[in-house]
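sequence first, predicted coordinates after that:
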Amino acid sequence: MSADDTTPVRASDAEREAVAARLNAAVGEGRLTLAEFSDRIGAVYAARTRGDLVPVVADLPAGTPAPAPAGQAATRGGDRAPLLTWVGAIKRRGRWRLAGDTALGVAVGPVKLDLRGAEIAAREVTVSVRTVVGAIKVWVPAAIRVEVEGTTAIGTRTVEESHLPPYIDVPTLRLRLDTTLGTVKVYRV
């Protein structure tokens, strides 16, 4: 029995990795949000045939990603976006651009960051959050690698860990979450 042109061809690991690399470039360029990346990368690794891979990148440009502008760090985004307040709340959700190195702080009040709709400036992003008295809550898509560190003097820390195999190439989000009196919660959604 011979295969003809209508028989679907199985996707190879190399083909899946090539599509994953295009998605990684797209999220770093701001073409995809973290949630969109999370959905698509799951489809890539679940793809059985080459045809299953086509719709995942159909709306993305082909070819290599554009180089970073001169003087800009290729892995960190080269930008720093501070947001500080004394008393009040810091809340971000929806579609927004997360700089390569972001610092947020509030003396008294909560910080709530929903990163599902965020666009990231680079493949590796660092977010530092500090509150003296208040809670820190962060929602992160499941298909993003997250490294969490920081301290809580009086309060609790709850971090839903990622179960991504180390060989999967996905963007990395480094969270430095510090509170003196309060709670820290990182949700994987």
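Thanks, I have it.

CA atoms of stretch 31-38 as PDB?
Output of stretch 31-38 as PDB, limited to C-alpha atoms (Å, rounded to 0.1, in the frame of the first residue of the first chain):
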ATOM      1  CA  ARG A  31       2.600  39.500  18.500                       C
ATOM      2  CA  LEU A  32       1.100  37.000  21.000                       C
ATOM      3  CA  THR A  33       0.000  37.400  24.600                       C
ATOM      4  CA  LEU A  34       1.200  34.900  27.200                       C
ATOM      5  CA  ALA A  35      -2.200  33.200  27.200                       C
ATOM      6  CA  GLU A  36      -2.200  32.900  23.400                       C
ATOM      7  CA  PHE A  37       1.300  31.500  23.500                       C
ATOM      8  CA  SER A  38       0.200  29.000  26.200                       C
END
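
which residues of this protein score low on pLDDT?
Scanning the chain for pLDDT under 70 picks out 1-5, 63-84.

max-length helix in it?
Using DSSP state H, we find that the single longest helix of the chain is helix 13-29.

so which residues of this structure form helices?
For the chain, helices defined by DSSP H occupy the ranges 13-29, 34-46, 50-57.

which secondary structure elements does the last one contact?
Packing partners of helix 50-57 (3 or more Cβ pairs under 8 Å, 6 or more residues apart in numbering; DSSP states H and E): helix 13-29, helix 34-46. Placement of C-beta: from N, CA and C, glycine included.

what's the distance between it and the middle of its chain?
22 Å (Cα atoms, centre = their mean, to the nearest Å).

buried ones in it?
For helix 50-57, the neighbour count (16 or more other Cβ atoms under 10 Å) marks 52-53, 56-57 as buried.

how does this protein divide up, domain by domain?
Annotated domains of the chain cover 13-57, 80-188 [automatic domain parsing].

quote the end-to-end distance of the first one.
Okay, so that is domain 13-57. Chord length of domain 13-57, first to last residue, is 16 Å (Cα to Cα, to the nearest Å).

one more: stretch 151-171?
Stretch 151-171 has an end-to-end distance of 24 Å (criterion: Cα to Cα).

contacts for it next, please.
Stretch 151-171 is contacted from outside by 17, 20-21, 24, 27-28, 34, 37, 41, 45, 120, 123-125, 142-146, 148, 150, 177-188, using Cβ atoms under 8 Å, 6 or more residues apart in numbering.

now the buried members of those.
So, by 16+ other Cβ under 10 Å, the buried ones in those are 20, 24, 27-28, 34, 37, 41, 120, 123-125, 142-146, 148, 150, 177-179, 182-186, 188.

residues contacting residue 19?
Here residue 19 is in contact with 44, 47, 53, 56-57 (Cβ under 8 Å, 6+ apart).

now do residue 141
Neighbour list for residue 141: 34-35, 37-38, 115-116, 188-189 [criterion: Cβ under 8 Å, 6+ apart].

could I get the residues you listed as CSV with distance to residue 10?
Shown next, in CSV, are those (distance: Cβ to Cβ, whole Å):
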residue, distance to residue 10
34, 29
35, 29
37, 24
38, 25
115, 34
116, 32
188, 31
189, 32
